[in-house]
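Peer 1: A structural model of the following input is requested.
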Amino acid sequence: MAVVWDPWLVSPSVILDCNRSPDGLRSSFLGRGPCLDTEIRFRMALLNSETLRTVRRMKNSNIVHAVATRVSPKMVPLKRRGDPASLLTSVPIADRSSNAMDELDLERGVCIPFRKYTPERVRQKVLDSPGSLFLVISRGVEILWKLGVYWTTLSYDFIIGRGQEMVPLRAEQLRKLLCDLGPSFIKAGQVLANRPDIIREDYMNELCILQDDVPAFPNKIAFDIIEEELGTPLEQIFSKISTKTVAAASLGQVYHATLRVSGEEVAIKVQRPGIEPIIYRDLFLFRTMASFLNGLSMKKLGCNAELIVDEFGEKLLEELDYIIEARNMEDFFENFKNDPTVKIPRAYKELSGKRVLIMEWIDGLRCTDPQVIKGSGLDISAFITVGVSAALRQLLEFGLFHGDPHPGNIFAMRDGRIAYVDFGNVAVLSQQNKQILIDAVVHAVNEDYVEMANDFTRLGFLAPGTDLSPIVPALEAIWQNSTEKGLVDFNFRTVTGKFNQLVYQYPLRIPERFSLVIRSLLTQEGICLTLQPDFKFLEVAYPYVAKRLLTDPDPALRERLLQVLFKDGVFQWKRLENLIVLAREQVEMMNRNSPVKANNRLVSRKQSSSVKGKLDLTDTLKDGARVVIMDSCIRHQLLMAFTEDSRLHFRELMDIYQLIEGDFNMQTLLMDFIRGIPAATRELMLSWSDSVLAEN
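Peer 2: Numbers count the residues shown, from 1 in each chain. You can find the predicted model right below:
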């Protein structure tokens, strides 16, 4: 694939992937031209296996053209590990930085030709600065000394036979040690808190309470950084700015202000001074130390230790760049722009820079104070449904999800919406990864544990060629034990705890993006439990999945629906009924939310025939009829289902019809059916002629 851009666009940052957009392949470009406020972004959607449609986006009177052609001879198509299907992303051979980074590209199903992080760039940035060797050596000595002392205490505990009884104390000491070593280690500790493949569960539990809160740096320094970054005195931009920080973390701090021109309330995020050289130096040392642990890591996790550092370094440097965070906010806003239940703050990109981010102020109730939310009069159940649905949409629909949704980053708006802030840490899933996750859900429902294990391999948890025979029964035991009381009593934290034990026993590695997924779901389940102690995750999540399977026009999801409805070649009538009931339940739960009610009233006024606020299966039935007509195999399966057990299943068919009678538009269905008769007839004739020619 070749990309052409105008000559003025310099130093483009290009991300080619299959994420962030439900339409398929997306290409995002962020570049700087002669004007500092000129940013051009555009997207490309998947058309077929070899060609992409051109997308044109205009901003600040500049137009950038993206021309997608067949794969250039100088570009190498990426293929996923263990998957024969080619991915429509490619990377210039000259830009490949290391084997570990290449492995990340292959595993994720995404390619980033122009990276912010590469091992070579980090090394060059660290070693080319004045006095760098002395700073690196002194920092390395400090790290090795403190970690060495800690390791000595662990060794002493083991030698005298009191290792287990000292675990709580040593875990607490590790948490304090990471805080003492600075922001890079605080971030590393937060990552380790979600990596059961690397450390024990009891240490993970201690690191889960690792706080990112640190003392704020002086206002004068912060205000100087704002003026330096924006090139304008504060009083010309803001009519008011708080003298006390709203929040302070290891990488930056936040102020509350009012814009002078518009009077809008905004939040100002300012990066800590001098933090970038420290982060780069620590990353260089991390990777140097990781190179000595590759053998152990390959044996334990099936991957190089350098790859784990590269995953961590890539995310950390993205968090340091507030231009990237502004772009993330734009993407979230675009994804949820038609969702009346989710509020995403606007980023003021013209007033932001690499170290300063100005965004819309969110006036809501922080989820850190559940008593206030309960006392606000909000419908807690409806709000929880909105939150779970928003999280699942991020994960399974958009492939772009909030990587750090702790209670301080989630707000309950007074009208019932959920609001997110802090988009520095986001994770992306390729279209292929999303489909494999849905496959895993289908295989779990069908109790196909061998395929579940294969899904783990395809997602990067297991190295290709790993013996799955001991892992399959372990997965079966985890799932059956977690659902023995019924799916409604499914507890995500309990399942995660059991899975953590499995990961620690077998050579499984949790890819960085999935550790963020796990942390995100665990955190949001925890918030829901504080608001509603009897909250059941699947009780809310299953209706969303059911509605998506039944109503999403994506052909891949239509295929998964058929897999759910047929088990061992037998049609599951009861499962279809349950899916319809659950999908309707999802619609009803969402309709209880105030913003949805208001939106439904608005749409109903504009469109008298609107089915907003109801489950609409019209398109599903149209697609189903089309598949039955065109696909002889499906026709045969449905015929067998209708006549299985030596009887006609009229009763089941009538039960299904009565169940969905109000969920589709019969007039639209009949009109589309009549219009489609010529095309269907042509397709049937072609299919028949092909079969005749094949027989001859």
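Peer 1: The stretch 101-250 of the chain: helices as residue ranges?
Peer 2: For the stretch 101-250 of the chain, the helices defined by DSSP state H, counting those that start in this stretch cover 119-127, 132-159, 167-181, 183-192, 201-207, 219-230, 234-237.
Peer 1: now for the helix or strand Q480 falls within, which elements pack on it?
Peer 2: Element membership of Q480, judged by DSSP states H and E, is helix 471-483. With contacts taken as 3 or more Cβ pairs under 8 Å, 6 or more residues apart in numbering; DSSP states H and E, helix 471-483 sits against helix 449-459, helix 492-505. All C-beta spots, glycine's among them, are computed from the backbone N, C-alpha and C.
Peer 1: if we can go back for a sec, could you say which of the helices of the stretch 101-250 of the chain is packed most deeply?
Peer 2: helix 183-192 (a mean of 21; mean count of other Cβ atoms under 10 Å).
Peer 1: relative orientation of that helix and helix 132-159 in degrees?
Peer 2: 40 degrees (axes from the mean of the first three to the mean of the last three Cα atoms, to 10 degrees).
Peer 1: Hey, what's the angle from helix 183-192 to helix 167-181? Just curious.
Peer 2: Computed by the same axes, to 10 degrees, the angle separating helix 183-192 from helix 167-181 equals 140 degrees.
Peer 1: So what touches helix 183-192?
Peer 2: Outside helix 183-192, the residues that touch it by Cβ atoms under 8 Å, 6 or more residues apart in numbering are 174-175, 177-179, 198-199, 203-204, 207, 210, 212, 214, 250-251, 272, 275, 278-279, 282-283, 286, 312, 316, 319, 512, 515.
Peer 1: sorry, back to before: I'd like to know which of the helices and strands packed on helix 471-483 lies nearest to G364.
Peer 2: With Cβ to Cβ as the criterion, G364 lies closest to helix 492-505 of those, at 25.1 Å.
Peer 1: quick one: buried residues of that closest one?
Peer 2: Buried residues in helix 492-505, defined by neighbour count with 16 or more other Cβ atoms under 10 Å: 492, 495-500, 502-504.
Peer 1: neighbours of T243, just the number please.
Peer 2: 7 (other Cβ atoms under 10 Å).
Peer 1: typed the wrong thing, it's L653
Peer 2: Using other Cβ under 10 Å, L653 has 13 other residues around it.
Peer 1: SS state for it?
Peer 2: Using DSSP: H, G, I helix; E, B strand; the rest coil, the secondary structure recorded for L653 is helix.
Peer 1: ok, Y150 touching L174?
Peer 2: Yes: Y150 is within contact range of L174, at 6.8 Å (criterion: Cβ atoms under 8 Å).
Peer 1: picking that back up, just the buried members of the contacts of helix 183-192?
Peer 2: Buried, going by 16+ other Cβ under 10 Å: 174-175, 178-179, 198-199, 203-204, 207, 210, 212, 214, 250-251, 272, 275, 279, 282-283, 286, 312, 316, 319, 512, 515, out of those.
Peer 1: Restricted to strands, list those residues.
Peer 2: In this view, those have no member that belongs to strands under DSSP state E.
Peer 1: you'd agree V266 is in a strand?
Peer 2: Yes: per three-state DSSP, V266 lies within a strand segment.
Peer 1: OK, contacts around it?
Peer 2: 256-259, 348, 358-361.
Peer 1: Adding neighbour count, pLDDT and distance to S129, write these out as a markdown table.
Peer 2: As requested, the contacts of V266 are exported to a markdown table (neighbours: other Cβ atoms under 10 Å; pLDDT from 0 to 100; distance: Cβ to Cβ, whole Å):
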| residue | neighbour count | pLDDT | distance to S129 |
| --- | --- | --- | --- |
| H256 | 15 | 96 | 36 |
| A257 | 20 | 96 | 34 |
| T258 | 15 | 96 | 39 |
| L259 | 17 | 96 | 37 |
| Y348 | 18 | 94 | 32 |
| I358 | 27 | 96 | 30 |
| M359 | 25 | 96 | 32 |
| E360 | 19 | 96 | 37 |
| W361 | 18 | 96 | 38 |
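Peer 1: In strands, which of those residues fall?
Peer 2: Reading strands off these with DSSP E, I get 256-259, 358-360.
Peer 1: biggest separation within the residues you listed, which pair?
Peer 2: T258 and M359 (13.5 Å).
Peer 1: For the stretch 201-350 of the chain, which residues score under the pLDDT cut-off?
Peer 2: Within the stretch 201-350 of the chain, the stretches with pLDDT under 70 are 211-213, 302.
Peer 1: any chance of the helices and strands packed on helix 471-483 in JSON lines, with mean pLDDT and distance to R366 too?
Peer 2: Listed next are these as JSON lines, based on pLDDT from 0 to 100; distance: least, Cβ to Cβ, whole Å:
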{"stretch": "helix 449-459", "mean pLDDT": "88", "distance to R366": "34"}
{"stretch": "helix 492-505", "mean pLDDT": "75", "distance to R366": "22"}
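Peer 1: who wins for proximity to Q637 among those helices?
Peer 2: Here helix 449-459 is closest among the helices and strands packed on helix 471-483 (Cβ to Cβ), at 19.2 Å.
Peer 1: on that earlier part again, of all the helices and strands packed on helix 471-483, which one is nearest F571?
Peer 2: helix 449-459 (19.7 Å).
Peer 1: residues contacting the nearest residue to K240 once chain neighbours are set aside?
Peer 2: If the residues on either side of it in the chain are set aside, K240 comes closest to T258, at 4.3 Å by Cβ to Cβ, 6 or more residues apart in numbering. Residues in contact with T258 (Cβ under 8 Å, 6+ apart) are 238-241, 264-266.
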